[in-house]
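Enquirer: model the structure of this input:
(2 chains)
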Amino acid sequence: MRPTGIWFQSYAGEASVLQTRRSRLWLGLLGLGLLALPLTAGPWLLGEMTHLFITLIAVYGLFVTVGMAGQINIAQSAFVGVGAFAAAKFAGLGLPFWLVVPAAAVVTGLVSVVFALPAARVRGFYLALTTLAAQIIFPIVILALPMSWLGGLVGMPVPAPDLFGLNLATPTGFYYLAFVFAALAVWTGFNLPRSRFGRALRAVHDNDTAAGVLGIPVTRIKIEAFFAGALYAGVAGAILAYFLQFVTVSSFTLFTSVWYLGMLIVGGIHTPLGPILGVVFVTLVQESLHTAANTFMQSGAFMGGGAVFALSSVVLALCILIALIFEPRGLAHLWHTAVTGFRLWPFPRN
Amino acid sequence: MIEFFQILIEGALVGLVYGLVAISFVVIYRASKIINLAQGEVLVFGAFMLWTFTEGAAGVGWDIPLPVALLLTVGACTVFGVTVERTIFRPLIGQSAFTIFMAGVALLILLRGLAQLIWGAESRSAPVILPEGAIEIGPFLVNSRLLIGAIFTLVLTQALHVFFTRSRLGLRLAAVAEDHTTALSLGVSVRQAIGVAWVLGTVVAAAAAVVLLSGSILSLEVAVIGFKALPVALLGGMESIRGAPLAGLLIGILEVLASAYLDPLTNGAASGVLPYAVMIAVLLIRPYGLFGWRKIERL
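Expert: A predicted model of the protein is given here:
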């Protein structure tokens, strides 16, 4: 809903993401603020923000597969893991940084295609089960491969990233690195629904039989949706590998996949704004739980780290259930309602 | 040769336990069209309730006789199943497969977190309910706990099969599994069906917990059995009660054969990956499983 008095003389203007000068200004301010953050913030906040950006990239991948194409993917964390291990391997072989990230993304995409192939035969829930199998098989395979290949139980060290002689292995370097790729993810996430591929995904999501009748190659689009989603996961995994400097299987569990899905659902699965809102909201909830638990422990009460994890999974599960039952369109819809209400005030919406 | 048959017998018995867990999947699906991913967690909940009424109660000085403890567990499972149905799945009747799937995923982490908050993460010994030890049959040793479990599985399968195909309520549940809207228009209560499904599912899961855990270690990790039984349920066909133990036999035997003959070659991965490889193969070749209903997609 636009404020009154704004109209367009070209179709491009009507279709653009940022329609008004004011929205462009707000976005510019936000970008400048995020760019200037390392000047004021300490290493802890920068680390948290880097983590948030990496999560955002992975969740945008889910947005493409789950939100736009409607194919359930519960293996995003395993795909991030594939990206991380691929990046560690390539970096260990001495490939330069700018080559490692795309290579890891492509490897992840190809792995995801293997598990998307049943899309030719099954749909909906049954397809989700193949991704579940991917998530469960991933650690088993990594652990069973010879130690010299992917590190097995121990894990793999990752050399520091280095871009044309510029050392990125500082908190600020990692922050900017993750920021650039997260910005790329957001940019593609907002533009994909407006492209031919994005419209095909949407058609498959709404009714795949009807989409086939319209001449859309349904099976190919479904597999491409998985491929595209896994590209994001691969990028996220590569940056995560550099950021953690060491990759082990235990970082990429089914629970992380559920967290990614939960963030997408809480934020809203149908708009590109959803992943941002969901990731920020869930991260805030998680961090405040951690802080609350820490103060709780300092006051003398007994509370193990496991209990904090259990509590945060209960809270996330409740968030998902509340979102599913009461607001399936997620925080993005609430945000949209609030903005529209603000613009039309004092007149009622509708 | 005797060793080979010994392996086969063990695989078959373990497979029937998988079959029992798979039945709890099938029972819920057959009556409500919900594939409950959290079934492993439901099983752990059942096991913890049983522990609470036996060892836990004994620990605080209340000695509850075993039959009463079992009855209490069944009662608690009923309350638990009804609660899940009322609070989570009733508001979602008629929603898309994606919503139901995500509700199952959310339930999974909710139950995992709750179990950890209520009972703690440490592992403990599960109550001994079935006799331990082995029976010698000819040259073979048969684990008596698993043998009793296998017999129980077969009896339960037949009973549930009769219930779902002969009784009036069972047929009504089958109508709900076919299609919620059609069932509603025929006057079948979808709510009642989902309620019955969850009570049956949790009770069967608790029974599976007894067979699986009696006298061994009870911890949160036991929930993995749910993901192992899922391929079994798919192979048997989600609508087929009698398919589940048969598929369980197949996967159990394949798994022990893989662990005996392939694991030394593959660094222990073959037996772990096998159920899921079977699952993907089933989805590719015969998505409705061995004995499931074949559905025709319409526009």
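Enquirer: residues of the stretch 1-150 of chain B that sit close to chain A?
Expert: B:35, B:37, B:88, B:91-92, B:95, B:97-103, B:105-110, B:112-114, B:116-117, B:121 (C-beta under 8 Å from any C-beta of the partner chain). Where you see a C-beta, it was placed from the backbone N, CA and C, and this is true even at glycine.
Enquirer: stretch A:161-170 spans what distance, first to last residue?
Expert: 10 Å (C-alpha to C-alpha, to the nearest Å).
Enquirer: what does it rub up against?
Expert: Applying C-beta atoms under 8 Å, 6 or more residues apart in numbering or on different chains, the contact partners of stretch A:161-170 are A:91, A:96-98, A:160, A:173-174, A:176-177, A:242, A:245.
Enquirer: now intersect the residues you listed with the helices, please.
Expert: Using DSSP state H, the members of these that fall in helices are A:91, A:97-98, A:173-174, A:176-177, A:242.
Enquirer: which residues of the chain score low on pLDDT?
Expert: Going with chain A. A:1-3, A:300-305, A:349-350 (pLDDT under 70).
Enquirer: not quite, I wanted chain B
Expert: Across chain B (using pLDDT under 70), the flagged ranges come out as B:296-299.
Enquirer: now do the helices in it.
Expert: B:2-32, B:39-51, B:57-59, B:66-84, B:97-119, B:144-166, B:168-178, B:180-185, B:190-213, B:224-236, B:243-257, B:263-266, B:270-285.
Enquirer: got these as a markdown table, with distance to A:Arg343 and mean neighbour count columns?
Expert: Converted to a markdown table, these look like this (distance: least, C-beta to C-beta, whole Å; neighbours: other C-beta atoms under 10 Å in any protein chain shown):
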| stretch | distance to A:Arg343 | mean neighbour count |
| --- | --- | --- |
| helix B:2-32 | 44 | 24 |
| helix B:39-51 | 45 | 27 |
| helix B:57-59 | 61 | 13 |
| helix B:66-84 | 42 | 17 |
| helix B:97-119 | 31 | 22 |
| helix B:144-166 | 56 | 17 |
| helix B:168-178 | 46 | 17 |
| helix B:180-185 | 39 | 14 |
| helix B:190-213 | 42 | 24 |
| helix B:224-236 | 48 | 25 |
| helix B:243-257 | 57 | 24 |
| helix B:263-266 | 62 | 12 |
| helix B:270-285 | 48 | 19 |
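Enquirer: A:Phe63 is nearest to which of the ones you listed?
Expert: Proximity to A:Phe63, assessed across the helices of chain B by C-beta to C-beta, is greatest for helix B:97-119 (13.6 Å).
Enquirer: up against chain B, what does the stretch 1-150 of chain A have?
Expert: So the stretch 1-150 of chain A meets chain B at A:66, A:70, A:72, A:74, A:115, A:117-118, A:121-122, A:124-130, A:132-133, A:136-137, A:140-141, A:143-146 (C-beta under 8 Å from any C-beta).
Enquirer: go through those and flag which are in helices.
Expert: A:115, A:125-130, A:132-133, A:136-137, A:140-141, A:143-144.
Enquirer: grab the nearest non-local neighbour of B:Ala58.
Expert: For B:Ala58, ignoring the flanking residues on the chain, the nearest one in space by C-beta to C-beta, 6 or more residues apart in numbering or on different chains is B:Ile64 at 7.7 Å.
Enquirer: residue contacts, B:Arg242?
Expert: By C-beta under 8 Å, 6+ apart, the neighbours of B:Arg242 are B:157-158, B:161, B:236, B:291.
Enquirer: got it, and A:Pro96?
Expert: Taking C-beta under 8 Å, 6+ apart, we find A:Pro96 in contact with A:Asp162.
Enquirer: domain ranges for chain A, per the record?
Expert: Chain A is divided into the following domains under automatic domain parsing: A:34-252, A:254-350.
Enquirer: re the thing from before, from the ones in helices among the contacts of stretch A:161-170, which would you call buried?
Expert: A:91, A:97, A:173-174, A:176-177, A:242 (16 or more other C-beta atoms under 10 Å in any protein chain shown).
Enquirer: so which of the residues you listed is the closest to chain B?
Expert: Chain B has its nearest neighbour among those in A:Ala91, at 24.8 Å by C-beta to the nearest C-beta.
Enquirer: having no further points to raise, I will conclude here.
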